[in-house]
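In: I would like the atomic coordinates for the input below:
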Amino acid sequence: MKTVVLSIIIVHYKTRELTLQCLRSIREFKPRVPHEILLIDNGSQDGIGETVVKDFPEVRFIETGRNNGFSQANNLGIVNAYGKFLLLLNSDTKIIEPVFDRLVQAMDSHPDAGGIGPQHVGGDGRHQVSYGKFPDLFTEILRKIVAYRIALDDPNIRGYLTQFCSTEQEVDWLSGSCLLLRREALRQAGLLDESFFMYFEDIDLCKRIRDRGWKNVFCPMS
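Out: Model (predicted):
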């Protein structure tokens, strides 16, 4: 058996059609490196297990029996994964190009990186904010203003965001909706903090990764 390079971990909770769409998109742009896919079902009770076993035999399906939260479910995937690199991928994401191998290549090119994050676009093809500075009063006020201006479809903010999201750079945090992690960095920083049931667990993990001397890098070519 080849050594697993990449483990793709998806947490499913009552997003049946989106999850199946995500799995189909992974199959369409599947990694060339040896990989595995783990789907953690957080007690959805929507019958997705039968569909996955039938239509996606390459996927390892794990049931928790109840909704344990995003952090705990991802941790379950991490401790059951074999990959050198671990990709946390939200069930409502859709892969639109061969992103996996590019992320692995980026990780190889940045041996000091504990986390690598790709560019995110919405269903309308526009850039989404998927990284930033650690939150404090100033950054949170700024983030709210930017989010408000984006909601108003401000062309100046849109233009700035497009330019901002086109530059590879070291950042404080990366979005956990698609986050590639180095196993060695996780060994040092620890798993996701399960006291975060949902939201901000990715920022907390990125903080601990940074505190251990690793970098978090945004890679827009992915």
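In: Follow the chain on from the least confident helix or strand in the chain by mean pLDDT and name the next helix or strand.
Out: Within the chain, no helix or strand scores below helix 155-164, which has a mean of 72 by mean pLDDT, DSSP states H and E. Downstream of helix 155-164, the next assigned helix or strand under DSSP states H and E is strand 169-171.
In: Can you report phi and psi for the spatially most central residue of the chain?
Out: Closest to where the C-alpha atoms of the chain average out (CA atoms, centre = their mean) is residue 178, at 1.9 Å. With angles defined as degrees, to the nearest 10, residue 178 sits at phi -160, psi 90.
In: still on that earlier bit, please save the CA atoms from the least confident helix or strand of the chain in CSV.
Out: What follows is helix 155-164, C-alpha atoms only, in CSV (Å, rounded to 0.1, in the frame of the first residue of the first chain):
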residue,chain,number,x,y,z
PRO,A,155,-17.1,48.3,-6.9
ASN,A,156,-14.1,49.8,-5.1
ILE,A,157,-14.2,47.1,-2.4
ARG,A,158,-14.7,44.4,-5.0
GLY,A,159,-11.7,45.7,-7.0
TYR,A,160,-9.6,45.9,-3.8
LEU,A,161,-10.6,42.4,-2.8
THR,A,162,-9.8,41.0,-6.2
GLN,A,163,-6.3,42.5,-6.1
PHE,A,164,-5.8,41.5,-2.5
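In: Now that helix: buried residues?
Out: Using 16 or more other CB atoms under 10 Å as the test for burial, helix 155-164 gives 157, 161. Every C-beta, even on glycine, is put in place using the N, C-alpha and C of the backbone.
In: Residues in contact with it: which ones?
Out: With contacts defined as CB atoms under 8 Å, 6 or more residues apart in numbering, helix 155-164 is touched by 126-127, 129, 146, 149-150.
In: Over to stretch 15-30?
Out: Contacts of stretch 15-30 (CB under 8 Å, 6+ apart): 8, 10, 12, 37, 39, 44, 46-48, 51-52, 55-56, 58-59, 89-100.
In: Would you mind writing the CA trace of stretch 184-202 as PDB?
Out: Extracted as PDB, the C-alpha positions of stretch 184-202 are listed here (Å, rounded to 0.1, in the frame of the first residue of the first chain):
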ATOM      1  CA  GLU A 184       3.900  17.700  12.100                       C
ATOM      2  CA  ALA A 185       2.500  21.200  12.800                       C
ATOM      3  CA  LEU A 186      -0.700  19.600  14.200                       C
ATOM      4  CA  ARG A 187       1.400  17.400  16.500                       C
ATOM      5  CA  GLN A 188       2.900  20.500  18.000                       C
ATOM      6  CA  ALA A 189      -0.100  22.800  18.000                       C
ATOM      7  CA  GLY A 190      -2.700  20.200  18.900                       C
ATOM      8  CA  LEU A 191      -6.100  19.400  17.300                       C
ATOM      9  CA  LEU A 192      -9.000  21.700  16.900                       C
ATOM     10  CA  ASP A 193     -10.300  23.000  20.300                       C
ATOM     11  CA  GLU A 194     -13.600  21.100  20.900                       C
ATOM     12  CA  SER A 195     -14.900  23.800  23.200                       C
ATOM     13  CA  PHE A 196     -15.600  25.700  19.900                       C
ATOM     14  CA  PHE A 197     -18.700  23.900  18.700                       C
ATOM     15  CA  MET A 198     -18.600  25.800  15.500                       C
ATOM     16  CA  TYR A 199     -16.900  29.000  14.200                       C
ATOM     17  CA  PHE A 200     -13.600  30.500  15.100                       C
ATOM     18  CA  GLU A 201     -12.000  27.100  15.700                       C
ATOM     19  CA  ASP A 202      -9.900  27.600  12.600                       C
END
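In: Perfect, I'm done here.
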